[in-house]
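Undergrad: Sharing a model that was predicted from the sequence below.
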Amino acid sequence: MRTLALLIAAVGILLEGLVIGVVLFALGGVIDAYSMSLNGTDPSMAQAAVKIMGVGLAVLLVVLAAGLAAAAARDRHARKMTVVALVIQCIVVVIAGIALGWAVFGGTLLVLGTLLYALLDDNHQPVTR
């Protein structure tokens with residue numbers, strides 16, 4: 001069951017990373033097209049910053065999803081990676097709950113729940129005496 005939870009979390013985080021990256025990259029294009037200043041900054045600098053942030057966040061989430069998928073394939077715990085994913089996922093859940101509506105909030109909450117289950121599941125641990 002832990003393997004399934006890690007796979008669901010990996011797919012969810014992968015989708016979130018791709019969506020967030022595409023949205024921020026497109027937002028950078030909108031900033032450039034409309035010459036938006038974002039609190040008085042140069043529009044080209046704001047556009048570059050938003051695009052770099054989008055690509056960087058997408059890469060971070062894709063790498064995190066790959067690590068969780070690798071842990072699922074090996075049927076091993078990914079303790080440190082799961083904790084990092086939980087922290088990131090908590091932030092995404094709050095943002096989704098505030099800004100993006102119930103459907104996105106429900107999907108991100110599902111990923112958060114599977115990460116928490118994967119972190120707390122100790123069924124496959126070797127017996128220590």
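TA: That came through fine. Numbering: from 1, shown residues only.
Undergrad: Could I get the full set of helices for the protein?
TA: Here the chain has its helices, by DSSP state H, at 2-33, 43-74, 79-95, 102-120.
Undergrad: Make a markdown table out of these and add mean pLDDT and mean neighbour count.
TA: Glycine gets a C-beta too; all of them are placed from N, C-alpha and C. Below are these laid out as a markdown table (pLDDT from 0 to 100; neighbours: other C-beta atoms under 10 Å):
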| stretch | mean pLDDT | mean neighbour count |
| --- | --- | --- |
| helix 2-33 | 88 | 18 |
| helix 43-74 | 89 | 17 |
| helix 79-95 | 80 | 17 |
| helix 102-120 | 81 | 18 |
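Undergrad: these two touch, right, residue 30 and residue 36?
TA: Yes. Between residue 30 and residue 36 there is a contact at 7.4 Å, judged by C-beta atoms under 8 Å.
Undergrad: Now the residue nearest the centre of the chain. Nearest residue, chain neighbours left out?
TA: With distances taken as C-alpha atoms, centre = their mean, the chain has residue 13 as the residue nearest its mean C-alpha position (4.2 Å). Sequence neighbours aside, residue 65 is the residue nearest to residue 13 in space, at 4.3 Å (criterion: C-beta to C-beta, 6 or more residues apart in numbering).
Undergrad: which residues does residue 31 contact?
TA: When contacts are counted by C-beta atoms under 8 Å, 6 or more residues apart in numbering, residue 31 is found next to 38, 43, 46, 47, 50.
Undergrad: Output these in JSON lines, with distance to residue 1 appended to each entry.
TA: Converted to JSON lines, the contacts of residue 31 look like this (distance: C-beta to C-beta, whole Å):
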{"residue": "38", "distance to residue 1": "46"}
{"residue": "43", "distance to residue 1": "50"}
{"residue": "46", "distance to residue 1": "46"}
{"residue": "47", "distance to residue 1": "45"}
{"residue": "50", "distance to residue 1": "40"}
